[in-house]
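Trainee: sequence first, predicted coordinates after that:
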Amino acid sequence: MTRHRGRGIASINYPIGMNLGGDPSQALVHSNPSGKFTVSLSSIDLGQGMKSVTRQICAETLGVPVEDVYVDTADSDTGPHCMGSFASRGTHRVGNAVMAAAKEARGVMMEAAAEELEVNAADLETDGRGNIHVKGAPHRSISTKDVAIAAQFKQGKTISGRGIFLVPLSAVDPETGEMSPATCYAHACLVAEVEVDDETGEVAMVRMDSAYELGRALNPRLVEQQLVGGAWMGVSHTLFETTEPYYPDPSHGPRDFVEYLMPGPGDICPHDIAVLERPAADGPFGAKGPGEMCANPVMPAVANAIFNAVGVRVDELPITPEKVLRAIKGQGGARPQARR
Amino acid sequence: MLELRKDIFADERDDNLNEIGKGTQRQDMLGHVTGTSTYFNDHKLQGMLHLKVLRSPHAHARIRRVDTVEAERSPGVRRIIRGTDVPRNLNTLLSLINFGKDDEPALAVDKVRYKGEPVVAVVADSHREAFEAIAKIRVDYEPLPTVFDVEEALKPGAPVVNETYPKNTFTYHDIYDHQKLRFGDVERAFASADHVLEQRYQMSPIEHAPTETNGSIAAPDTNGRYVVYTSTQALFFSLDTCAKILDVPSNTFHFIGGTVGGGFGGKVDTLTEPLSILGAMLTGRPVRYIFGREEEMQFGPPRGAERIYLKDAMMRDGRIVARKVRAYFDSGAYTRLSSYAVVKCAAHLPGPYTIPNVYGDIYCVFTNRTPATAMRGFGVTAMDFAIECQMDKLAHLIAMDPMEFRILNAYRDGDMKAHRREAKNTALIECVQVAAEKSKWKLREEFKRMSSLKDGGGERALIPLAATSSPMPALARATAQQRTAYDRAPQPAAGPAPLQPAAPPAPSPPPAPAPQPASHGAVRFSSVFGRRR
């Protein structure tokens, strides 16, 4: 028995938002009388961090601390329409809608502050800590709380905003496939190192190194969570998962997590990630979205690493020990390729 | 470990921001780690009933007779629901964006098309009583020939899976059984290339495996409305789908969700809401319908299988000069969302590379298996597997470093993509360079110096001349428009049956929907490409 190491790579891009556009999202932002803001959405947080990332976008745009913003979702009576949480569209589409709503609310907030400070609104700026002051004169300042109280009870202004973001729907040419599928793309390259046992056909992950270009990492910890988790979904797709192990024969379908194979804690390997930020022209603060794409490069990178390790190509997912072993035997033994 | 490479593209960004770019703790972290976040299934309502469905044991069969007499007398049973009880028992998800024909019943009526298709629903006081009643339902099936292989399904004489699409393929632009992509002349490139490589790739169906399975709880609310707690990934998409199937105005429903225990694309199909709401309408009680794990794994929609044939032409120096793709998406017995992924896949070709000749034929095929749906990377994941394995083989063929091979062929700013739009804001080369750096993979100096910002455009911005040897077939009827607007208020295609305006207050408990003629097969909401049939 010999264990052979190999490395493989894959590079990919991924479109942001629904193909062809036509997938709007809306947001409402309003302040309560003490200057705390609520973002009302009908968007869904699947665990990816929709609430958190829209909260940061709203706080940044308003110029208030993130603690002063709470995101409420998803209620069809209070939250305006959103197409849904899919197609890597949350950060880009919903983020833009929240940004637009927050801009409108900020406009009213600055007008109300200007009235209180008896200056022109264009001369004011926010300090991001809950205060609004005259540019170059920080002592001429008012808290967002006092602005909200004044707006509500004195000036009769509503510090609120509405936002929608829509990439207009485009058509597809039936003959050539000419179309405008997406306005921006995320990018990635991943290197996988594996160890293949030529007696059992088992593949163990040794390490992964990757680079992802995402426009802007609005919250690097949420990005890391997506990229690490997504890569493991990729490993799982590559080496373990299917509901039809003998596809297209539908028999022997797994019914629970005993029969449906996935990697466990012992299968995890180090993953070193670099994030690049080339802002998208129409992204909120340039952001694109890491959601879906992070599983994609892993599958081919691992397949290519297996070839590098033992010289076999398995072109059918998942790459089970059975398939690897049959391929090794079919070529009369492992044929390690040049070490990389 | 995550490293932010702020040094790259630094002049394209303003990094002087307060909240953006900070690793702020999630708003919902405390609730999640203390187990106090509210998911749909945390709503335990007084008098709540439980709905379960009888699923077909056959992959393809005619339903001769359904006998529910004994089940109706089973202890705890409140209501048996049949296809004829569903106001509009035929739908396709993307009818909301006017794409595709209604092809799937909520409960099977005359035929089952996959193993596990719901036939009868039982609403009972408890799960156990619902299951016991289901065991007493007698269905007389006449098994029909099945087809499970996408290429077999396309052959003449193959069993017809879904009568809405009698050729077992989704219809594009009213006339085609696939989506085309045409750019340049691949055949000429194959004839003059140094290397041609043709390969077949296959991905099997994959389960989303969310911790929280698909489910919903519907309850009669005041004033004739219904409140619905749901695990959906798309609140209004699900709400409007229910409004269509149950034939009521959309403001009849108050949908609440937003905190979901994993989705990955598997919670868009609105599988439980129509029946849980109908159960609440018919019983006047709260009704819960949640998938068990086996249902989630075998009868909840998976990531669909794909079969992909790739044929590439390459010159000795490593330049890819043509890529021809034929791909089959296995949609299972109904369309769901696979039709959409096919178009997205065509747009994705030939991957993030500049190739002057590209040809694609992408099919959405019906087979007798559980309908497929969206999953992370929908329309792209399997194609990326195929393309990137192919890239490795091509580099190996000419003994070129696979990273340098990708940099050489990478798309750059200003290049023309195969779907005829200019590439902008590209960064593939930089990703490869950084990944090489991180993994200590040696690149030659000239490849380290290459950039997405340089040497794109020019000749690479041109749309190449199309093949002239094979004239296009007669295509006068092909329509350019794929879909029109999101249609929140579906109109019945036949008969007056006007939609009510906003629901007027109704006495409590809300009445069951007024008896209507069963619409299965008769009233077809037709929304193909914005036209009615």
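Mentor: Looks like it came in fine. Note that this is a predicted model, so its numbers are computed, not measured.
Trainee: bridging residues for A:Ser160?
Mentor: A:Ser160 forms beta bridges with A:His30, as assigned by DSSP bridges.
Trainee: please name the residues that touch it.
Mentor: Listed by Cβ atoms under 8 Å, 6 or more residues apart in numbering or on different chains, the contact set of A:Ser160 reads A:28-31, A:104-105, A:108. C-beta here means a position set from N, CA and C on the backbone, and glycine is covered the same way.
Trainee: for chain B, see how far away it is.
Mentor: Separation of A:Ser160 from chain B (Cβ to the nearest Cβ, to the nearest Å): 20 Å.
Trainee: can you report how many residues lie near the residue of chain A found nearest chain B?
Mentor: At 2.5 Å from chain B, A:Gly84 is the closest residue in chain A, using Cβ to the nearest Cβ. A:Gly84 has 28 neighbours, counted by other Cβ atoms under 10 Å in any protein chain shown.
Trainee: again with A:Tyr246
Mentor: By other Cβ under 10 Å, neighbour count at A:Tyr246 equals 11.
Trainee: for it, list the residues it contacts.
Mentor: Contacts of A:Tyr246 were listed using Cβ under 8 Å, 6+ apart, and they are A:His252.
Trainee: what's opposite it in the beta bridge?
Mentor: Beta-bridge partners of A:Tyr246, as defined by DSSP bridges: A:Asp249.
Trainee: returning to that earlier point: PyMOL command to pick out the buried ones of the contacts of A:Ser160?
Mentor: Only the buried members of those end up in this PyMOL selection, burial being decided by 16 or more other Cβ atoms under 10 Å in any protein chain shown:
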select buried, chain A and resi 28+29+30+31+104+105+108
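Trainee: can you list the contacts of A:Ser160 in JSON lines and add pLDDT?
Mentor: Shown next, in JSON lines, are those (pLDDT from 0 to 100):
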{"residue": "A:Leu28", "pLDDT": "98"}
{"residue": "A:Val29", "pLDDT": "98"}
{"residue": "A:His30", "pLDDT": "98"}
{"residue": "A:Ser31", "pLDDT": "98"}
{"residue": "A:Glu104", "pLDDT": "98"}
{"residue": "A:Ala105", "pLDDT": "98"}
{"residue": "A:Val108", "pLDDT": "98"}
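Trainee: contact partners for the residue nearest to B:Lys417 when sequence neighbours are not counted?
Mentor: Spatial nearest neighbour of B:Lys417, excluding adjacent residues (Cβ to Cβ, 6 or more residues apart in numbering or on different chains): B:Ala423 at 5.4 Å. The neighbours of B:Ala423, taking Cβ under 8 Å, 6+ apart as the test, are B:354, B:411-417, B:456.
Trainee: which residues in the stretch 51-200 of chain A form helices?
Mentor: Assigned by DSSP state H, counting those that start in this stretch, the stretch 51-200 of chain A shows helices spanning A:95-117, A:144-149.
Trainee: check the stretch 51-200 of chain B too.
Mentor: B:69-72, B:127-134, B:150-153, B:186-192.
Trainee: B:Thr164 touches B:Lys111, doesn't it?
Mentor: No. Counting by Cβ atoms under 8 Å, B:Thr164 does not reach B:Lys111; the two are 11.6 Å apart.
Trainee: domain-wise, how is chain A divided?
Mentor: Per the record, chain A has its domains at A:3-16+A:184-330, A:25-165, by automatic domain parsing.
Trainee: ok, how many other residues are close to residue 248?
Mentor: No chain in the question, so chain A it is. 20.
Trainee: um, chain B though
Mentor: 21.
Trainee: can you tell me the SS state at it?
Mentor: Here B:Val248 is recorded as coil under DSSP: H, G, I helix; E, B strand; the rest coil.
Trainee: adjacent strands (with direction) for the helix or strand hosting A:Asp272?
Mentor: Assessed by DSSP states H and E, A:Asp272 sits inside strand A:271-276. Note on strand A:271-276: by DSSP bridges, its sheet partners are strand A:203-213 (parallel), strand B:2-4 (parallel).
Trainee: tell me which residues in the helix or strand harbouring B:Lys324 are buried?
Mentor: Using DSSP H and E, B:Lys324 maps to strand B:320-332. For strand B:320-332, a neighbour-count test (16+ other Cβ under 10 Å) marks B:320-332 as buried.
Trainee: can I get those in TSV including pLDDT?
Mentor: Formatted as TSV, those follow (pLDDT from 0 to 100):
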residue	pLDDT
B:Ile320	98
B:Val321	98
B:Ala322	98
B:Arg323	98
B:Lys324	98
B:Val325	98
B:Arg326	98
B:Ala327	98
B:Tyr328	98
B:Phe329	98
B:Asp330	98
B:Ser331	98
B:Gly332	98
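Trainee: which one of the residues you listed is nearest chain A?
Mentor: B:Asp330 (7.7 Å).
Trainee: wait, isn't A:Asp77 in contact with B:His254?
Mentor: Yes. In this structure A:Asp77 lies within contact range of B:His254 using Cβ under 8 Å: 5.2 Å.
Trainee: how many neighbours does the residue lying closest to A:His133 once chain neighbours are set aside have?
Mentor: Computed as Cβ to Cβ, 6+ apart, the closest residue to A:His133 that is not its neighbour in sequence is A:Ser141, at 3.8 Å. Each residue near A:Ser141 was counted by other Cβ under 10 Å, and the total is 15.
Trainee: equivalent analysis for A:Gln331, please.
Mentor: By other Cβ under 10 Å, neighbour count at A:Gln331 equals 12.
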